[in-house]
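> show me how the following folds:
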Amino acid sequence: MAYEVEAPKYVRLAQTLQRRIEDGTYPPGSRVPSENQLVQSFGMSRPTVVRALELLKRDGWLESRQGYGTIVRGRPAVSEQRDRRGREALERDESSDSGRLVEVGQVPVPARIASALGLPKRAKALVRRFLVEADGEAVELVSSYFPAGLVEGSELGSPDALSGSPREHLEARKKIRFDHVTERVSARLPAGDEAELLDLPEGVPVLSVLVIACDASGQALQVSDVLLPADRQELEDTYRLN
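So this is what the prediction gives:
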């Protein structure tokens, strides 16, 4: 059994501040409220506030300026040249990519998926689950969740593979635009059906890449949980130090 837990408080606070940056409450160049003000406004401890601010600084949303405090930089520019699991999940063509659609239907949304979609606990959403295969071996399991409002008037609920990606389908049918993606990586033990689909021995964990795709306002349009067998993965990143 896989246990879903709510995101830590500092992550939820960082998400709230991020949404306020995107909706213009905290425009680029402005100062965010002080640590004391955030503690009082959100009823969270100072360490939680500090950790949330550090997370946003690390990801490029905020920066510290001596004598000015913490300044809003705005939404970070996306590097188009780096490979991203999120981009792969959003742009996968179900009808031509190597693999198969293993599930389509309304399901209770796991807690962290509901949080990312802005849905209440125990809400239901449409899931499209695609098993990616290479040389006859299961290499990746992608479960993509969509809020009910986007499903209406689309073919997302069809049990057949879509021609093109769900993103292309939604942008064409619903006249919406995907703007940016946030990815979160964690590790966990797979649920029984996940382990069976990925052909994992008992006790082997998976890496979960949670892909949150939003419009320009920060509203989540699609959340995909990309599961990778941990014993077959090695993550590496090279970057320049300032």
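> how about L13, secondary structure?
Following DSSP: H, G, I helix; E, B strand; the rest coil, we place L13 in the helix state.
> from L126, how far off is it?
29 Å (Cβ to Cβ, to the nearest Å). From N, CA and C alone the C-beta is placed, and that goes for glycine too.
> Y10 now?
Y10 is 30 Å from L126, by Cβ to Cβ.
> so how many other residues sit close to A111?
By other Cβ atoms under 10 Å, the residues close to A111 number 16.
> return the helix or strand in the chain with minimum mean pLDDT.
Counting by mean pLDDT, DSSP states H and E, the chain has its least confident helix or strand at helix 85-91, which shows a mean of 80.
> hmm, who's touching it?
Applying Cβ atoms under 8 Å, 6 or more residues apart in numbering, the external contacts of helix 85-91 come out as 142, 144, 165-168, 178, 181-183, 209, 211, 213, 222, 224, 226.
> next: stretch 190-205.
Stretch 190-205 is contacted by residues 1-2, 102, 131, 137-138, 141, 187-189, 206, 227, 229-231 when judged by Cβ under 8 Å, 6+ apart.
> what about it, distance to the chain center?
22 Å (Cα atoms, centre = their mean, to the nearest Å).
> now do that stretch, average pLDDT.
What stretch 190-205 shows for mean pLDDT is 93.
> okay, now the domains of the protein?
As assigned by automatic domain parsing, the chain contains the domains 9-72, 85-232.
> show me what contacts the residue of the chain positioned farthest from its centre?
Largest separation from the mean C-alpha position in the chain: G67, at 34.8 Å (Cα atoms, centre = their mean). G67 makes contact with no residue, according to Cβ under 8 Å, 6+ apart.
> please identify the helix or strand for L227.
Assigned by DSSP states H and E, L227 belongs to strand 220-229.
> name the helices or strands packed onto that strand?
helix 85-91, helix 111-117, strand 137-146, helix 166-174, helix 192-198, strand 206-214 (3 or more Cβ pairs under 8 Å, 6 or more residues apart in numbering; DSSP states H and E).
> pLDDT weak spots in this protein?
Along the chain, the model assigns pLDDT under 70 to residues 1-8, 77-85, 233-242.
> any idea how far the nearest residue to T16 once chain neighbours are set aside is from L17?
Nearest residue to T16, sequence neighbours excluded (Cβ to Cβ, 6 or more residues apart in numbering): F42, at 7.6 Å. F42 sits 9 Å away from L17, going by Cβ to Cβ.
> of these two, which one has the most company?
Neighbour comparison, F42 and L17: the larger count goes to L17, with 24 against 17 (by other Cβ under 10 Å).
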